[in-house]
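Engineer: Here is my input, please return the structure:
(one chain, ligands or ions: 5)
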Amino acid sequence: MTNIPEPPAGEGDSAGDHSKTRFQFPRWANYLFPVLLLVAIGVMTYIPLLGTLAISPDTRAVGYQPQQPVPFSHALHAGKLQLDCRYCHSTVESSAYAAVPPTQTCLNCHAAIKSDSPKLALVKESFESGDPLRWIKVHDVPDFVYFNHAAHVNKGVACELCHGRIDQMDEVTQVQSLSMAWCLECHRAPEQSLRPREFVTYMGWDALTATGKSQSELGSELAQDYHVQPQHFMTSCSTCHR
Ligand code: HEC
Ligand code: HEC
Ligand code: HEC
Ligand code: HEC
Ligand code: HEC
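Structural biologist: Ligands and ions are numbered 1, 2, ... in the order given. Predicted coordinates for the structure are as follows:
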């Protein structure tokens, strides 16, 4: 990427006095790399940012709530029917991406339940044709940001901290900014957010009520048990921009 000059051909190990004259970067060049990195990130981000902002000004904003092709309600399925998030978002613990379920998952129930409802017509059509339903993505971080669900969920960071009370939403709405400052706020003090892994999909969970310990006390214990990475990793640019 950078233009580090190659030594001229033939000037190898046998260089002898050549080595004294070999090109050395001046000291100030040490500062050049961070500057170049910033410029590089700037260029990488500016173009897609401009692109996305110009096309769809609503995405990635708090309150973003696109109209979905099928009126699927989390308040009904995750709230009233108490289905676990992982029944549908089955890869959330094992991969970076929290898969949206295939049509087959809906048919597990809707082959029998309300199978003739007009609200489920598109689901039926998708199943028969094999074309997936075209759900509209709600949460979206730019491509130059690396995000990983498994890394969070397996260390006890709960869905509700980032997605809010999904179990009360008829239509999914973005409730957090997903900005860099927001990510860093938690990364600087993760103990304020950790809970035992088995409760990551619970909604309205509270450390004191559930365990009798304060969030800081419980969180500090869990950070140790789960070997949560130290501060310098959590806030390093290359953790999220790789
Ligand atoms: C019966 C299946 C099902 C269950 C159970 C379920 N979901 Fe979903 N989820 C979906 C479908 C389908 C979509 C895509 C349509 C939409 O956004 O409403 C979705 C979308 C989402 C989105 C928005 C994704 C995006 O595009 O940004 C989030 C966040 C989410 N679910 C979280 C949860 C959480 C948290 C739970 C558990 C409390 C849960 N879901 C339970 C099926 C389910
Ligand atoms: C575990 C079973 C189960 C699964 C899986 C499931 N649903 Fe449902 N769904 C229900 C039940 C129960 C109702 C409520 C039926 C009623 O009102 O009598 C319902 C209601 C609905 C309704 C409203 C239907 C109407 O006419 O009022 C829609 C739309 C719907 N589901 C879509 C989906 C979609 C899309 C999926 C897959 C992402 C899905 N459901 C997965 C059990 C399920
Ligand atoms: C630390 C914050 C955080 C936690 C915890 C979290 N999510 Fe997400 N979720 C995000 C972000 C950020 C995105 C957008 C990712 C992207 O654009 O690449 C997202 C996107 C999604 C999507 C859309 C598909 C995808 O992966 O882009 C679904 C579905 C989802 N989350 C479900 C869940 C469920 C279910 C849980 C809990 C088991 C959960 N999330 C926990 C931050 C989080
Ligand atoms: C509520 C707390 C919280 C929020 C919000 C949060 N994180 Fe994290 N993040 C964590 C914890 C805890 C870890 C686990 C560190 C570890 O692996 O020990 C982590 C780890 C990571 C890792 C390292 C994953 C790996 O595979 O090594 C990345 C990348 C990351 N977060 C990106 C993000 C981004 C991007 C956002 C914002 C969109 C975000 N996080 C928001 C708590 C949070
Ligand atoms: C915990 C994850 C995380 C860490 C650590 C992180 N960033 Fe970011 N960064 C993000 C996210 C998320 C965005 C996208 C913000 C948005 O879409 O509004 C972003 C956006 C940016 C942008 C684009 C401009 C902007 O504000 O949208 C630049 C430049 C940037 N980061 C540089 C850095 C540098 C330099 C560091 C190290 C000092 C760093 N980032 C550390 C998550 C992180």
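Engineer: interface residues of this protein facing ligand 2?
Structural biologist: Neighbours of ligand 2 within the chain, by CB under 6 Å from any ligand atom: 70-72, 76-77, 81, 83, 88, 101, 105-106, 108-110, 113-114, 117, 119-120, 123. C-betas here are computed from N, CA, C, even on glycine.
Engineer: Next up, the contacts around the most centrally placed residue in the chain.
Structural biologist: Among the residues of the chain, the one closest to the centroid is F147, at 3.5 Å (CA atoms, centre = their mean). Taking CB atoms under 8 Å, 6 or more residues apart in numbering, we find F147 in contact with 96, 141, 240.
Engineer: Tell me which residues touch the last one, please.
Structural biologist: Remark: with contacts taken as CB under 8 Å, 6+ apart, C240 is in contact with 145-147, 180, 183.
Engineer: Going by distance to ligand 1, which of the contacts of F147 wins?
Structural biologist: Nearest to ligand 1 among these: V141, at 10.2 Å, using CB to the nearest ligand atom.
Engineer: ok but the closest one is inside a helix, no?
Structural biologist: No: counting by DSSP: H, G, I helix; E, B strand; the rest coil, V141 is not part of a helix but coil.
Engineer: let's number from 29 now, not from 1
Structural biologist: OK, 29 is where the count begins now, so the last one is V169.
Engineer: Wait, it touches L206, no?
Structural biologist: Yes: between V169 and L206 there is a contact under CB atoms under 8 Å: 5.7 Å.
Engineer: Counting neighbours, go ahead and name the busier of those two.
Structural biologist: Ranked by neighbour count (other CB atoms under 10 Å), V169 and L206 place L206 first, with 19 against 14.
Engineer: any idea how far ligand 3 is from that one?
Structural biologist: 5 Å (CB to the nearest ligand atom, to the nearest Å).
Engineer: can you tell me how far that residue sits from ligand 5?
Structural biologist: With CB to the nearest ligand atom as the criterion, L206 and ligand 5 are 6 Å apart.
Engineer: So that residue: helix, strand or coil?
Structural biologist: L206 ends up coil, using three-state DSSP.
Engineer: Tell me if I'm right that it and H167 touch.
Structural biologist: Yes: here L206 reaches H167: they are 6.5 Å apart, a contact under CB under 8 Å.
Engineer: What residues does this structure have near ligand 3?
Structural biologist: 113, 117, 120, 125-126, 128, 167-169, 175, 177, 180-181, 185-187, 189-191, 206, 228-229.
Engineer: Can I get the buried part of these as one ChimeraX selection?
Structural biologist: This is how ChimeraX selects the buried members of the residues of the chain next to ligand 3, with burial counted by 16 or more other CB atoms under 10 Å:
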select :113,117,120,126,167,175,177,180,181,185,186,187,189,190,191,206,228,229
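Engineer: what sits against the closest residue to S205 other than its chain neighbours?
Structural biologist: Computed as CB to CB, 6 or more residues apart in numbering, the closest residue to S205 that is not its neighbour in sequence is V90, at 5.6 Å. Contacts of V90 were listed using CB under 8 Å, 6+ apart, and they are 202-205.
Engineer: where in this protein is pLDDT low?
Structural biologist: For the chain, residues meeting the criterion pLDDT under 70 lie at 29-88.
Engineer: And the helices in it?
Structural biologist: For the chain, the helices defined by DSSP state H occupy 46-49, 60-83, 102, 113-116, 131-138, 149-157, 177-181, 187-191, 208-216, 235-239, 243-253, 259-263, 265-268.
Engineer: burial count for the closest residue to N176 other than its chain neighbours?
Structural biologist: Leaving aside its sequence neighbours, N176 sits nearest to A124 (CB to CB, 6+ apart; 4.2 Å). Per other CB under 10 Å, the neighbour tally for A124 reads 12.
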